[in-house]
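K.L.:
sequence isn't available, so here's the structure alone:
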Ligand SMILES: Nc1ncnc2c1ncn2[C@@H]1O[C@H](COP(=O)(O)OP(=O)(O)O)[C@@H](O)[C@H]1O
Ligand SMILES: N[C@@H](CCC(=O)OP(=O)(O)O)C(=O)O
C-alpha cells in the first residue's frame with residue numbers, strides 16, 4: 001500500500017454492528033487506531049461507513065431493520081448521530097480529527113455541487129482530518145439515492161482521486177460462486193477482467209447487508225473507469241489493513257484493464 005497513498009476504506013453494517021444493531025465497539029476502536037496509524041504513516045485516509053439504519057433502529061427499540069422508507073429514514077437520522085459520536089470519540093482518543101460528509105446522488109451529479117465536494121475533500125485531507133462518509137439516508141428519495149454504500153464508496157474514491165479502494169465485508173473476498181449456496185467455491189485472489197467474474201456475484205443473505213457481491217462488483221466497475229484498484233476483503237479483523245499496507249495479498253484484488 002506504500003504506492004497507494006490515498007485510500008478509501010468502506011465498512012459494511014455487518015462489519016461494525018452485531019445482528020441486533022448494537023455497535024461492535026472493540027472493532028470500531030481498532031479501526032480508529034489502525035486508520036489513524038496509517039494516516040500518521042503518510043496515507044490520506046477516507047472512511048465510508050454503513051450502519052446508521054441498524055444503529056438507529058436499535059436505539060429506538062425496534063429490534064430489527066425497518067422495512068418502510070419512512071422507518072429507514074427516521075432510524076438513519078437517529079443512528080447517524082450515534083455512529084458519528086462513537087467514531088469521533090475513538091478517533092479523537094488516538095489524536096485524529098474526523099469530518100462527517102453525508103452525500104446523495106444529486107450532489108455528485110450536479111457539476112457545481114460536485115466541484116464543491118471535491119474541493120471540500122481536498123481541503124479536509126490537507127488538514128489531515130479523516131473524512132467519514134455515509135449516504136444522507138434521511139433525505140434521500142428514489143431519484144437521488146445511491147442505495148448502497150459499495151457504490152457510494154466507489155463514487156467517493158473517484159471524487160477523492162484515491163489510489164486504492166478497500167471494501168471490507170463479512171466475507172474474505174469474491175468467490176467463484178456465493179459460498180453460502182456453493183460451499184465448495186474458491187476465493188479468487190486477483191481479477192483483471194470484470195466480465196469474466198460478473199456471473200459469480202450473488203446478492204446478500206444477511207438481514208442487515210445490502211447488495212451482496214452484486215453492488216461490490218458494480219463499485220469495482222465505477223472505480224475501474226478512473227483506474228482505481230479495489231480490494232474486497234474481510235472486515236472481521238481490522239488488522240487486515242496493516243497486512244494490505246505491508247503488501248500482503250488479502251481478499252480479492254481487482255486491477256481492471258483499460259478495455260473494461
Ligand atoms: N461470489 C460471491 N463471493 C462472495 N460472497 C458472495 C458471492 N455472491 C454473493 N455473496 C454474498 O455477499 C455477501 C456480502 O455482502 P453483504 O451481505 O452486502 O455484506 P456487507 O454488509 O459487508 O456489504 C456474502 O456474505 C455472501 O453471502
Ligand atoms: N447508508 C446505510 C447503509 C447502506 C448499505 O449499503 O449497507 P451495507 O450493505 O451494510 O454497506 C446505513 O448507514 O445504514
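P.N.:
Thanks, I have the structure now. These numbers were taken from a predicted model, which means no experiment stands behind them. Ligands and ions are numbered 1, 2, ... in the order given.

K.L.:
all contacts plus neighbour counts: C-alpha atoms, from now on.
P.N.:
Will do.

K.L.:
and the stretch 101-250 of the chain, which of its residues are near ligand 1?
P.N.:
169-171, 173-178, 180, 200-206, 209-213 (CA under 6 Å from any ligand atom).

K.L.:
so residue 251 makes contact with residue 235?
P.N.:
No. Residue 251 sits out of contact with residue 235 when judged by CA atoms under 8 Å, with a separation of 10.2 Å.

K.L.:
what are the ranges of the strands in the protein?
P.N.:
Using DSSP state E, the strands of the chain run over 6-11, 44-49, 98-103, 130-135, 164-169, 190-191, 230-234, 252-254.

K.L.:
possible to save those strands as CSV with distance to residue 21?
P.N.:
Output for those, formatted as CSV (distance: least, CA to CA, whole Å):
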stretch, distance to residue 21
strand 6-11, 15
strand 44-49, 14
strand 98-103, 21
strand 130-135, 17
strand 164-169, 16
strand 190-191, 33
strand 230-234, 19
strand 252-254, 28
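
K.L.:
including mean pLDDT and mean neighbour count, could those strands go into a markdown table?
P.N.:
As requested, the strands of the chain are arranged in a markdown table below (pLDDT from 0 to 100; neighbours: other CA atoms under 10 Å):
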| stretch | mean pLDDT | mean neighbour count |
| --- | --- | --- |
| strand 6-11 | 98 | 24 |
| strand 44-49 | 98 | 25 |
| strand 98-103 | 97 | 17 |
| strand 130-135 | 98 | 22 |
| strand 164-169 | 97 | 26 |
| strand 190-191 | 97 | 18 |
| strand 230-234 | 98 | 25 |
| strand 252-254 | 98 | 23 |
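
K.L.:
could you dump those strands into JSON lines and include distance to ligand 2?
P.N.:
Shown next, in JSON lines, are the strands of the chain (distance: least, CA to the nearest ligand atom, whole Å):
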{"stretch": "strand 6-11", "distance to ligand 2": "6"}
{"stretch": "strand 44-49", "distance to ligand 2": "7"}
{"stretch": "strand 98-103", "distance to ligand 2": "9"}
{"stretch": "strand 130-135", "distance to ligand 2": "5"}
{"stretch": "strand 164-169", "distance to ligand 2": "8"}
{"stretch": "strand 190-191", "distance to ligand 2": "22"}
{"stretch": "strand 230-234", "distance to ligand 2": "12"}
{"stretch": "strand 252-254", "distance to ligand 2": "17"}
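
K.L.:
so what touches stretch 188-202?
P.N.:
Here stretch 188-202 makes contact (CA atoms under 8 Å, 6 or more residues apart in numbering) with 173-178, 212-214, 217, 221, 249-257, 260.

K.L.:
next, the distance between the ends of it.
P.N.:
Across its full length, stretch 188-202 reaches 15 Å between end residues, using CA to CA, to the nearest Å.

K.L.:
would you mark the buried spots in that stretch?
P.N.:
Residues 188, 189, 190, 191, 194, 197, 200, 201, 202 are the ones in stretch 188-202 that count as buried (16 or more other CA atoms under 10 Å).
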